[in-house]
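[1] here is my input, please return the structure:
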Amino acid sequence: PGNTKVAKSTAVPPGPPVYLDLVYIPNHSNSKNVDVEFFKRVRSSYYVVSGNDSAAEEPSRAVLDSLLEGKAQWESNMQVTLIPTHDSEVMREWYQETHEKQQDLNIMVLASSSTVVMQDESFPACKIEL
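    Alright, predicted model coming up:
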């Protein structure tokens, strides 16, 4: 009928896994775009997690939890490195609360201790070797 709305899913559809070296988690790690199925299918050695808006709770705790749930379903226990672009309360809490599970799943969260200075700006940086 005329008023019927069709729900559009932006999540990754089921299918065989895709293996990548580096994945940037889209849309400030918003759970509307990234779910467990994303991490079951998009398997990477490195995931870059953006988001520094505490009011919007970025990055999303649901996305971080989805990484754990999705990775738990991989056949191999390859190492995964999570690279946050900003220090956030959500990331710190998730790290502390799930640290043991991260270790079991061979997930390492990379903390940046380096700073890059360009013109009048400085910002944290990480070195990634592929």
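[2] tell me, what residue is most central in the chain?
    residue 49 (4.5 Å; Cα atoms, centre = their mean).
[3] dig out what it forms beta bridges with.
    When bridges are called by DSSP bridges, residue 49 pairs up with residue 84.
[4] how about residue 22?
    Going by DSSP bridges, residue 22 forms beta bridges with residue 46.
[5] so what's the residue count around it?
    Per other Cβ atoms under 10 Å, the neighbour tally for residue 22 reads 13. Every C-beta, even on glycine, is put in place using the N, C-alpha and C of the backbone.
[6] pretty sure it is touching residue 43, no?
    No. Look at residue 22 against residue 43 with Cβ atoms under 8 Å: they stay out of range, at 11.8 Å.
[7] which residues touch the residue nearest to the centre of the chain?
    Counting by Cβ atoms under 8 Å, 6 or more residues apart in numbering, residue 49 makes contact with 25, 29, 59, 63-64, 82-85, 91.
[8] could these be laid out in TSV, adding neighbour count and pLDDT?
    Listed next are the contacts of residue 49 as TSV, based on neighbours: other Cβ atoms under 10 Å; pLDDT from 0 to 100:
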residue	neighbour count	pLDDT
25	27	86
29	29	55
59	27	78
63	28	91
64	26	93
82	21	93
83	19	89
84	26	87
85	21	82
91	23	86
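[9] Serialize those residues to TSV and add fields for distance to residue 121.
    Shown next, in TSV, are the contacts of residue 49 (distance: Cβ to Cβ, whole Å):
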residue	distance to residue 121
25	24
29	23
59	22
63	27
64	28
82	25
83	20
84	19
85	15
91	22
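[10] quick one: which of these sit in strands?
    The strands, defined by DSSP state E, take in 82-84 from these.
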